[in-house]
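J.: Using only what follows, build the 3D model:
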Amino acid sequence: MFGYLGSDLIFLFHTVSWNLWNDHVLGWWNHKDDSNVLFLKYEDLQKDLLSQVQIIANFLSKPLSDDLISRIAEQCTFSGMKKNAASFSEGKDGKTQILRKGVVGDWKSYFTPELNERFEKEVLDKLKGSGLEFDFEPKW
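T.: The predicted model follows:
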């Protein structure tokens with residue numbers, strides 16, 4: 001859902017739109033039931049992409065055939081996006097790939113034990129009680 005904006009460390013060290021990542025996401029989470037807001041999580045897309053594409057189409061009031069939903073879902077899989085990797089690059093040279101593995105929770109592989117502890121204290125603790133939960137097993 002919440003992309004990493006080029007760096008897993010954005011959770012701890014950077015801001016999003018002049019705000020901490022937690023505050024930014026919780027601000028939108030507070031509007032999750034508004035009719036003009038669709039709140040999606042990457043974990044849910046990974047679990048059942050077809051139904052999530054249907055949810056997006058319904059939200060946009062765009063009826064789509066099952067065939068078209070299947071084609072969209074295929075193009076939105078990690079392997080489908082890797083086929084068009086040039087579209088997912090950043091930097092002035094356009095060569096820095098932003099696609100890594102497409103695995104839920106892979107960011108944990110890049111964190112030191114200290115960063116994991118900081119993530120738990122500064123990010124996950126702030127989400128407690130909000131109803132917003134992640135579907136991953138913390139490494140720590």
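
J.: which sections of the chain are below the confidence cut-off?
T.: 1-19, 82, 84-108, 136-140 (pLDDT under 70).

J.: That one: helices as residue ranges?
T.: Taking DSSP state H as the criterion, the chain carries its helices at 10-13, 21-29, 42-47, 49-59, 66-76, 78-82, 113-119, 125-127.

J.: For the residue nearest to residue 22 when sequence neighbours are not counted, grab the count of nearby residues.
T.: Spatial nearest neighbour of residue 22, excluding adjacent residues (Cβ to Cβ, 6 or more residues apart in numbering): residue 126 at 4.5 Å. Heads up, the C-betas are built off the backbone N, CA and C, glycines and all. By the measure other Cβ atoms under 10 Å, the count of residues near residue 126 is 16.

J.: Give me the buried positions along stretch 66-82.
T.: 69, 72, 73 (16 or more other Cβ atoms under 10 Å).
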